[in-house]
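Trainee: Coordinates for the following, if possible.
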Amino acid sequence: MSTELELKYLLPPTGLGSLVQLIPQLGELRHTGQNTLLNAYFDTADNWFRRHDMGLRSRLKLGRYEQTIKLAGSQHGAMQMRPEYNVPCDGVVPKLDAFPAEIWPEQTGVPQLQQQLIELFRTDFSRQIWLLRCADGSDVELAYDQGEIRAGNRSQPIAELELELISGNALQLFALAKTLLQQLPLRTGWQSKAARGYSLRTQQPLALPQHAGTTLLAQIRALQQAEACYGQTQQAAALNMASKALAALALSLSEQTQLQHFSTEAAALANAVLQDDKVFGWRRYNELLLAVSEYLYQSV
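Mentor: Numbers count the residues shown, from 1 in each chain. Model prediction:
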């Protein structure tokens, strides 16, 4: 079992050249590579895995299959943390009894689950990777994925950059992200490929949050949900909710000594998002999200 710590950003293919030029300035380049990854995601007809906040996929890479199950994790703003288990398999359909028995909720009928598995969607993409050694000795992998999510006859493009901690200090992820945000047209990627795949398959609109919440984490979650809803529906109600979440965030930031200087920025963005939906792509907006995410991660 390993725990995945990563930051995810959306980066259009037109920004890839700038990323490649920037990478040698970020640290000691230890390794580069490129692979094609073919991924199939599975669940049951009644979404047993989804309901238990678990994700199941198989992956074909370099001619070999691997199956992965991700367990319920935590998300601290833009930082995602999820335990995962990876084991070899001999084909596209996962074999559930190959995973450790202790990962399953009590009284889970694994053989019955195996019989009920259906393939939901695929995410196929090419991945370019760069392994960096930071000044403090931490190793961070940058991965740029370009491809598509397919569910039936529907598809969505994949164009995203992931920063994953391989070893060392997770704060290096935030330091690298700060540098990248200053140089590249990045936008915080809230949704995993799996979450996007489920949404594409069901074609159900995301639900707007009912309120902004009273804590930093709740406000960031409300903001991320409102932004995702706007991306799906383009409705003014989503912008109104994003504005409310940013206004609540501004108040909370004013009460945190380390983050007080971001309070004015959050309040300004709360007004701006009502006038211009391009706010979600602004550098100052994404720098704010990163700062709050770093604070939440350190507060765990």
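Trainee: rest of the way, CA atoms for contacts and neighbours
Mentor: OK.
Trainee: Lowest-scoring secondary structure element of the protein by mean pLDDT?
Mentor: strand 74-76 (a mean of 60; mean pLDDT, DSSP states H and E).
Trainee: got the CA positions of the helix or strand following it in PDB?
Mentor: Where DSSP states H and E defines the elements, the next helix or strand beyond strand 74-76 is strand 79-89. Output of strand 79-89 as PDB, limited to C-alpha atoms (Å, rounded to 0.1, in the frame of the first residue of the first chain):
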ATOM      1  CA  MET A  79      -3.800  18.600  -2.400                       C
ATOM      2  CA  GLN A  80      -5.200  15.100  -2.900                       C
ATOM      3  CA  MET A  81      -4.100  12.200  -0.600                       C
ATOM      4  CA  ARG A  82      -5.400   8.700  -1.200                       C
ATOM      5  CA  PRO A  83      -4.200   5.200  -0.100                       C
ATOM      6  CA  GLU A  84      -3.800   2.900  -3.100                       C
ATOM      7  CA  TYR A  85      -3.000  -0.700  -3.800                       C
ATOM      8  CA  ASN A  86      -1.300  -1.800  -7.100                       C
ATOM      9  CA  VAL A  87      -0.900  -5.500  -8.100                       C
ATOM     10  CA  PRO A  88      -0.100  -7.200 -11.400                       C
ATOM     11  CA  CYS A  89      -3.000  -8.800 -13.300                       C
END
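Trainee: on contacts alone, who are the packing partners of strand 79-89?
Mentor: Other elements packing on strand 79-89 under the criterion 3 or more CA pairs under 8 Å, 6 or more residues apart in numbering; DSSP states H and E are strand 2-10, strand 64-70, strand 74-76, helix 283-298.
Trainee: Report the inter-axis angle for that strand versus strand 64-70.
Mentor: Interaxial angle, strand 79-89 versus strand 64-70 (axes from the mean of the first three to the mean of the last three CA atoms, to 10 degrees): 140 degrees.
Trainee: Identify all contacting residues around strand 79-89.
Mentor: The contact list for strand 79-89 (CA atoms under 8 Å, 6 or more residues apart in numbering) reads 1-8, 64-75, 95, 98-99, 293-294, 297.
Trainee: That one pairs with which strands, and in what direction?
Mentor: For strand 79-89, the pairing partners within the sheet under DSSP bridges are strand 2-10 (antiparallel), strand 64-70 (antiparallel), strand 74-76 (antiparallel).
Trainee: how about the helices in the stretch 101-250 of the chain?
Mentor: For the stretch 101-250 of the chain, the helices defined by DSSP state H, counting those that start in this stretch cover 110-116, 171-183, 193-202, 216-233, 236-254.
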